[in-house]
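Visitor: quick check, what structure comes out for this input:
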Amino acid sequence: MGRLDDKVAIITGAGSGIGRVAASLFASEGAAVVVADVVADHAASAVADIEASGGRAIAVTVDVSDEAQIQAMVDAAVSTYGGLHVLFNNAGIFPDDDGGVLDTPPETWARVMEVNLKGVWLGCRAAVPAMLTSGGGSIVNVASFVALMGAATAQLAYTASKGGVLAMTRELAVEYARKGIRANSLCPGPIETPLLAELLADPARRERRLVHIPIGRFGRPEEIAKAALFLASDESSFVTGSALVVDGGITAAYVTPE
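Guide: Residues are numbered from 1 along each chain as shown. Predicted coordinates for the structure are as follows:
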């Protein structure tokens, strides 16, 4: 028995990184997965891998900031698999020029909010009616440890967007708690993904981040995917409105460990 047997799951940003690992994991646990990504080839490749392992999945190309595309994504899940039970809002961006309050360009701020915050809202807005029709479900929204504390390196737009995700998820959880829909935030620390590798290509910059993690390393995508699986599955049936922090101890630390 899989932990997501008979469930239909949508994962955004599922063509690479954490989302791709989660798509494979969810499929291996019995879910029919809608692999949604802005890059069509990445989504198709992820679906091919899932199908090669005996899982069920379809690819949907979606810009999460586009309402019509988000609705089409949910419609594809329902028309293909007959319902929707899990939404993992994982897609997000972190532009290079996202810095301090005086440094972040207005257009960068706007785009980060469009994807990281509006995109999560649009996903929830489209998914909730389908989940209600399906008898309930679980929404997992990716926030960040920086939604709980200031980042060591300025990244104002990203931090603000993730704080918004955290607050929005709490309110969503309260609104639908008695209607069969749970909503929780996932707050990862820095994870070894292509995005992080690109951002921390400079060894000195990488070391400045690493020194703040008490456990002494960056997280792995599968560690976040497994946390998302817990929140998506019925194993977390009494968990809603929470923020599951998976950060190697960053938010627990007061001083930089030696």
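
Visitor: now G119: closest residue in space, sequence neighbours ignored.
Guide: V64 (3.2 Å; CB to CB, 6 or more residues apart in numbering). Heads up, the C-betas are built off the backbone N, CA and C, glycines and all.

Visitor: what's near enough to touch the one you found?
Guide: Contact analysis of V64 by CB atoms under 8 Å, 6 or more residues apart in numbering lists T12, G13, A36, V38, I70, N89, A91, V115, G119, V120, L122, G123.

Visitor: could you export stretch 100-109 as CSV, CA atoms only?
Guide: C-alpha atoms of stretch 100-109 as CSV (Å, rounded to 0.1, in the frame of the first residue of the first chain):
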residue,chain,number,x,y,z
GLY,A,100,18.4,44.8,0.0
VAL,A,101,15.7,47.3,0.2
LEU,A,102,17.7,49.9,-1.7
ASP,A,103,19.1,47.5,-4.2
THR,A,104,16.2,45.4,-5.5
PRO,A,105,14.7,46.8,-8.7
PRO,A,106,11.0,47.3,-8.7
GLU,A,107,10.5,45.0,-11.7
THR,A,108,12.4,42.2,-9.8
TRP,A,109,10.2,42.8,-6.7
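
Visitor: picking up where we left off before, nearest to A151, of the contacts of V64?
Guide: V115 (18.0 Å; CB to CB).

Visitor: now S233: how far from P95?
Guide: Using CB to CB, to the nearest Å, S233 is found at 33 Å from P95.

Visitor: likewise for L244?
Guide: 26 Å.

Visitor: could you do R208 as well?
Guide: 19 Å.

Visitor: higher neighbour count, those two?
Guide: Taking other CB atoms under 10 Å, R208 and P95 do not tie; P95 has more neighbours (18 against 13).

Visitor: shouldn't that one be in contact with E114?
Guide: No: taking CB atoms under 8 Å as the definition, P95 is not a contact partner of E114, at 11.7 Å.

Visitor: got the contact list for S144?
Guide: Applying CB under 8 Å, 6+ apart to S144 gives the contacts Y158, T159, K162, C187, P188.

Visitor: residues in contact with stretch 117-130?
Guide: So stretch 117-130 is contacted by 10, 12, 64-67, 70-71, 73-74, 77-78, 83-84, 87, 89, 91-92, 137, 139, 141-142, 161, 164-165, 168, 172, 176, 181, 183 (CB under 8 Å, 6+ apart).

Visitor: can you flag the buried ones in those residues?
Guide: Among the contacts of stretch 117-130, the ones that count as buried by 16 or more other CB atoms under 10 Å are 10, 12, 64-66, 70-71, 73-74, 77-78, 83-84, 87, 89, 91-92, 137, 139, 141-142, 161, 164-165, 168, 172, 176, 181, 183.

Visitor: skipping adjacent residues, who's closest to L84 in space?
Guide: Among residues not flanking L84 along the chain, A130 sits closest, at 4.0 Å (CB to CB, 6+ apart).

Visitor: how many other residues sit next to that neighbour?
Guide: For A130, the count of nearby residues is 20 (other CB under 10 Å).

Visitor: name the element it belongs to?
Guide: helix 119-133 (DSSP states H and E).

Visitor: same question for that helix, mean pLDDT?
Guide: Helix 119-133 shows an average pLDDT of 98 in the prediction.

Visitor: after that helix comes which helix or strand?
Guide: strand 137-142.

Visitor: run the chain-centre distance for that next one.
Guide: 8 Å (CA atoms, centre = their mean, to the nearest Å).

Visitor: elements contacting that strand?
Guide: Of the remaining helices and strands, those touching strand 137-142 by 3 or more CB pairs under 8 Å, 6 or more residues apart in numbering; DSSP states H and E are strand 86-89, helix 119-133, helix 156-176, strand 181-188, helix 221-232.

Visitor: find the least confident helix or strand in the chain, judged by mean pLDDT.
Guide: helix 194-199 (a mean of 68; mean pLDDT, DSSP states H and E).

Visitor: buried ones in the very next helix or strand once past it?
Guide: As assigned by DSSP H and E, the chain's next helix or strand after helix 194-199 is helix 203-210. The neighbour-count check on helix 203-210 (16+ other CB under 10 Å) flags R206, R209 as buried.
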